[in-house]
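**Q** I would like the atomic coordinates for the input below:
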Amino acid sequence: MIERITHDLVQGSPEWMEFRLKHFGASEAAAMLGLSTKVKRNELLHMKYTGTPKEFSDWVQEHILDKGHEVEALARPIVEEMLGEDLYPMVFSLGRMSASCDGLTMIEDTAWENKQFNQSLYASIENGVLPEEHMPQAQQVLFVTGAKRLIFTCSDGTESGTVWMEVLPDAMWFDRLCAGWAQFEKDLATYEPREIKEKPQAEAIMGLPTLAVQIKGEVVASNLPRFRAAAETFIANIKTDLQTDEDFANAEETVKFCEKAEKELEVAKNAAIAQTASIDDLMRTLDHIKAQLRDKRLGLDKLVKKRKDEIKTEIVQDGRKAYAAHVDALNAELGAVKLDIAAPDFITAAKNKRTLASLHEAIDTAVANGKIAADAAAKDLRAKLQWFAAHDEHAFLFRDLQTLIQKPADDFQLVVTSRIAEHKRQEAEKEDRRKAAEAAEAQRVAAAAEAAKQVQAEAPAVETSSKPAEESVAATLAPTARDGAKAASAPARRIPRPTAADILDVLAEHYGATLQQVAALLSTMDFKAELARFEATA
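**A** Residues are numbered from 1 along each chain as shown. The predicted structure follows:
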């Protein structure tokens, strides 16, 4: 278990600066999640990677923390009076996560965080809503300190200018912060510095000489040849291989310059026309230079837009590949199931980004947040798979496991247990039916055996009572020896095949016996032996 540690550090000391660099502070949490309006996530990564303890500490002080220490000192007694308790500034760590509290009560159940007065924050807190940009810091303070609540104030140092709200611990925010810092730590370990700079200014463009023309029926004076040479040299030297922000800034400025030069040429041309009706060579030269400038301007403008789109697409594609590789690795680990989460909206993230630095920042942050979400989803699936492993013998019931496992944990477990219970119920019913069928069969066999015993017991009586009739029938039907010989030698005629019921009916009627008696009697006779005897004498 990670130990919560209280640190006795003097603000501004080398130890304090080292602590600030090596730990992930609550004041940095918004930047880490890409929610800060002051600092970008890539800037935080860059400074954590490249900065010395002092450089990083100074940078945090300048870019992240507001300059409200004096206001904090004035607001402290106001909040203490409201709480009825003293507040002590303290520094805590929980693993690499840390929190420097503006104040904590003696029993460490209430933390305090103060922000210098600004109108929008004041109004939001007054309405009981803590802006999302400030929630990461508040929740990390609660998580690291273990406090049960945090009093968040916005103050100008006066009682009337102080507004506050209570922030309670939120488990979902705790998970988000832990996952966010875990991803940040991974990114920091593999970070490769990328130069981050402000949008560059275009280089100064050397202007063309001012075109001077005087005409009076003919060209009296003109610097047109020198102007033409300068214009063509300028056009030939315009850079069209655009790679960096500086290249784009220069290209955009050149487009503006060409457009301006075109207009100035048109003015010179019109001025010349006003002096004479037709100076053909002058007009053709002016039109030629103007056309060159226009073609270059349009081509360069199109190239700027095209190259910007290409670079933007490349950066977005790199972001998609990085995210996809992370998801593929998680899916390979999960094995039986796959993540089913929406990919980051890289197109929206890249929208309205005017520089390469801002575009990289937006896409990198989107990738990081996407990885955080994917890791959280994978963690959820791992827990469900671990629970499901106890029901492995019923895995054949869950061909749709990929769909089911995306449900919330409680719903997933309910579906699994219900389906297994239903399967067991059906199997139990099948077993009951099988046992019932076996019992019925055994009962039928027993009844048949009992009937056979009864028939065997009645058989002698039937034989005795039917013997005179049999002899009479035999006497009546017995052929003479000659007739028998004729019958034996006569060809057999085809007779219709009687059923067992037909035979029983005829014999029962003939002998005046019951069907059961006749059936029992026939079952004792060996008709196969009789058939063999007939065939032998045939």
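**Q** for the rest of this, base every contact and every neighbour count on C-alpha atoms.
**A** OK.
**Q** and stretch 400-417, which residues are buried?
**A** Within stretch 400-417, the residues that count as buried by 16 or more other CA atoms under 10 Å are Leu401, Leu404, Ile405, Gln406, Ala409, Phe412, Gln413, Val416.
**Q** for those residues, which one is nearest Ile341?
**A** Nearest to Ile341 out of the buried residues of stretch 400-417 is Gln406 (CA to CA; 9.3 Å).
**Q** would you map the strands across the stretch 1-150 of the chain?
**A** For the stretch 1-150 of the chain, the strands defined by DSSP state E, counting those that start in this stretch cover 4-7, 24-25, 88-94, 97-104, 110-116, 149-155.
**Q** partners of the third one, with directions?
**A** Applying DSSP bridges, strand 88-94 is found paired with strand 4-7 (antiparallel), strand 97-104 (antiparallel).
**Q** what's the neighbour count on Ala236?
**A** 10 (other CA atoms under 10 Å).
**Q** of the strands paired with strand 88-94, which is nearest Val327?
**A** strand 97-104 (26.0 Å).
**Q** distance from the chain centre to that closest one, please.
**A** Strand 97-104 sits 34 Å away from the centroid of its parent chain (CA atoms, centre = their mean, to the nearest Å).
**Q** ditto for stretch 326-339
**A** 11 Å.
**Q** for stretch 160-175, same thing?
**A** 29 Å.
**Q** so what's the residue count around Ala171?
**A** 11.
**Q** and it, what does it touch?
**A** By CA atoms under 8 Å, 6 or more residues apart in numbering, Ala171 lies in contact with nothing.
**Q** report pLDDT for it.
**A** pLDDT, Ala171: 95.
**Q** and if you look at Ala461?
**A** Reading off the model, Ala461 has pLDDT 56.
**Q** also Val473?
**A** pLDDT, Val473: 42.
**Q** now swap in Ser465 and tell me
**A** 53.
**Q** again, but for Thr417
**A** Thr417 is given a pLDDT of 94.
**Q** coming back round to it: using TSV, lay out the strands paired with strand 88-94 together with mean pLDDT, distance to Glu438 and mean neighbour count.
**A** As requested, the strands paired with strand 88-94 are exported to TSV (pLDDT from 0 to 100; distance: least, CA to CA, whole Å; neighbours: other CA atoms under 10 Å):
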stretch	mean pLDDT	distance to Glu438	mean neighbour count
strand 4-7	92	69	14
strand 97-104	93	70	23
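**Q** could I get these in JSON lines, plus columns for distance to Pro53?
**A** Converted to JSON lines, the strands paired with strand 88-94 look like this (distance: least, CA to CA, whole Å):
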{"stretch": "strand 4-7", "distance to Pro53": "17"}
{"stretch": "strand 97-104", "distance to Pro53": "16"}
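**Q** follow-up on the earlier one: dump the strands of the stretch 1-150 of the chain to JSON lines, plus distance to Gly299.
**A** Output for the strands of the stretch 1-150 of the chain, formatted as JSON lines (distance: least, CA to CA, whole Å):
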{"stretch": "strand 4-7", "distance to Gly299": "62"}
{"stretch": "strand 24-25", "distance to Gly299": "49"}
{"stretch": "strand 88-94", "distance to Gly299": "58"}
{"stretch": "strand 97-104", "distance to Gly299": "53"}
{"stretch": "strand 110-116", "distance to Gly299": "51"}
{"stretch": "strand 149-155", "distance to Gly299": "54"}
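**Q** between those strands, which gets nearest to Leu74?
**A** strand 149-155 (8.8 Å).
**Q** CA-only coordinates of the closest one in PDB, if you can.
**A** In PDB, the C-alpha atoms belonging to strand 149-155 read as follows (Å, rounded to 0.1, in the frame of the first residue of the first chain):
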ATOM      1  CA  ARG A 149     -13.900  18.000   2.200                       C
ATOM      2  CA  LEU A 150     -12.200  21.000   0.600                       C
ATOM      3  CA  ILE A 151     -13.300  24.700   1.000                       C
ATOM      4  CA  PHE A 152     -12.600  26.400  -2.300                       C
ATOM      5  CA  THR A 153     -12.500  30.200  -2.100                       C
ATOM      6  CA  CYS A 154     -12.200  33.100  -4.500                       C
ATOM      7  CA  SER A 155     -11.200  36.200  -2.700                       C
END
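**Q** pLDDT on that strand, on average?
**A** Mean predicted confidence for strand 149-155 is 96.
**Q** which other helices and strands does that strand contact?
**A** helix 69-83, strand 110-116, helix 119-126, helix 135-145, strand 162-167 (3 or more CA pairs under 8 Å, 6 or more residues apart in numbering; DSSP states H and E).
**Q** give me the sheet partners of that strand and which way each runs.
**A** strand 110-116 (parallel), strand 162-167 (antiparallel).
**Q** any idea which of the ones you listed is most buried?
**A** strand 110-116 (a mean of 24; mean count of other CA atoms under 10 Å).
**Q** OK, contacts around Ile2?
**A** Counting by CA under 8 Å, 6+ apart, Ile2 has contacts Leu94, Gly95.
**Q** wait, which of the buried residues of stretch 400-417 is closest to His46?
**A** Using CA to CA, the buried residues of stretch 400-417 come closest to His46 at Gln406, 36.7 Å.
**Q** what does the residue nearest to the closest one when sequence neighbours are not counted show for phi and psi?
**A** Leaving aside its sequence neighbours, Gln406 sits nearest to Asp340 (CA to CA, 6 or more residues apart in numbering; 7.1 Å). Here is the backbone geometry of Asp340 (degrees, to the nearest 10): phi -130, psi 80.
**Q** tell me how many other residues crowd Asp340.
**A** Burial of Asp340 is recorded as 15 neighbouring residues (other CA under 10 Å).
**Q** distance of it from Ile363?
**A** In this view, Asp340 and Ile363 are 21 Å apart by CA to CA, to the nearest Å.
**Q** want to throw the strands paired with strand 149-155 into TSV with mean pLDDT and distance to Lys40?
**A** Listed next are those as TSV, based on pLDDT from 0 to 100; distance: least, CA to CA, whole Å:
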stretch	mean pLDDT	distance to Lys40
strand 110-116	94	20
strand 162-167	96	25
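**Q** and Thr514, which of those strands is closest to it?
**A** Of all those, strand 162-167 comes closest under CA to CA, at 99.3 Å.
**Q** quick one: that closest one to helix 119-126, angle?
**A** Orientation check (axes from the mean of the first three to the mean of the last three CA atoms, to 10 degrees): strand 162-167 against helix 119-126 gives 50 degrees.
**Q** no more questions from me, cheers.
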